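Q: requesting a structural model of the entry that follows:
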Amino acid sequence: MLLAFLESVKKPSKCMILLQPTYFFSILQYIAIANADEIIFETEDNFQKQTYRNRCYIYTSQGKQLLNVPVQHSKENKQKTKDVKIDYKDDWHKQQLKTLKTAYSSSPFYEFYIDDLLPVFEKKKHFLLDLNFLAHEIIMDALQLEIAMKKTTEYEREPKLLDLRILAEDKPKTTYNLEPYAQVFSENHGFIPNLSILDLLFMEGPNALNYLESQKYIF
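A: Numbers count the residues shown, from 1 in each chain. Sure thing, here's the model as predicted:
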């Protein structure tokens, strides 16, 4: 459905989109959100490993780095994402906060936003989906963006709306050309596109929303 949309529409108007809630959504997901009238979040799917459901990527001195939320293993072959619980035995949340500070403390807007982000690392949510929605709410406030939101009540393989759940895949089948913006370590590793929204927010601050809206025609 996404490929057909891309081929048939050059300049789409705002619309209703279907997204998978992920951990500190990717920039592509927020581009879709910033240019939508309404968001439907998928909450009835089965959990899939190696996706953005419980991971995101940031820019460190070493280049692209994974931030992973450990989850408790289930004995069931299939488990709904909304039932997946977070594993806190290794204090991953404390380590991630340190990693963010090391990576972005010199960025223009780190100090401006970091206090607002602390609940993600200090409030121990039991369920992965709750953590993802908490992070999303904080980011939406930071972007000063208000968009109507609903959650699915059943899983549909072929929904009758713009299905962008593919953006939750770590290695999506479709590539997108994003405009470069300044990044802390770009002199060492060049521009790295589609990192977590955290990278754009720490670097662009209040201008982050303008960037997201300017990329709307890629969908």
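
Q: going forward, measure contacts between C-alpha atoms and count neighbours the same way
A: Will do.

Q: pull the contacting residues for L212.
A: 27, 30-31, 34 (CA atoms under 8 Å, 6 or more residues apart in numbering).

Q: let's see it at 10 Å
A: 27-35, 143, 178-179, 197, 200 (CA atoms under 10 Å, 6 or more residues apart in numbering).

Q: next one: H73
A: Counting by CA under 10 Å, 6+ apart, H73 has contacts 79, 84-87.

Q: now do the SS call for it.
A: Here H73 is recorded as coil under DSSP: H, G, I helix; E, B strand; the rest coil.

Q: state the phi and psi torsions of it.
A: Torsion angles at H73 (phi, psi; degrees, to the nearest 10) stand at phi -80, psi 140.

Q: and the next helix or strand past the helix or strand of the chain with the lowest mean pLDDT?
A: Within the chain, confidence by mean pLDDT, DSSP states H and E is lowest for helix 2-8 among all helices and strands, at a mean of 44. Helices and strands here follow DSSP states H and E; after helix 2-8, the next one along the chain is strand 16-19.

Q: show me what that following strand is packed against.
A: Packed against strand 16-19, as judged by 3 or more CA pairs under 10 Å, 6 or more residues apart in numbering; DSSP states H and E, are the following elements: helix 27-34, strand 38-41, strand 148-151, strand 162-163.

Q: average pLDDT for that strand?
A: Averaged over strand 16-19, pLDDT sits at 97.

Q: then stretch 69-82?
A: 89.

Q: hmm, what's the outermost residue in the protein?
A: K75 (27.7 Å; CA atoms, centre = their mean).

Q: coming back round to it: of the helices and strands packed on strand 16-19, which is nearest Q215?
A: helix 27-34 (6.6 Å; CA to CA).

Q: from the chain's centroid, how far away is that closest one?
A: 8 Å (CA atoms, centre = their mean, to the nearest Å).

Q: show me which residues of it are buried.
A: 27-34 (16 or more other CA atoms under 10 Å).
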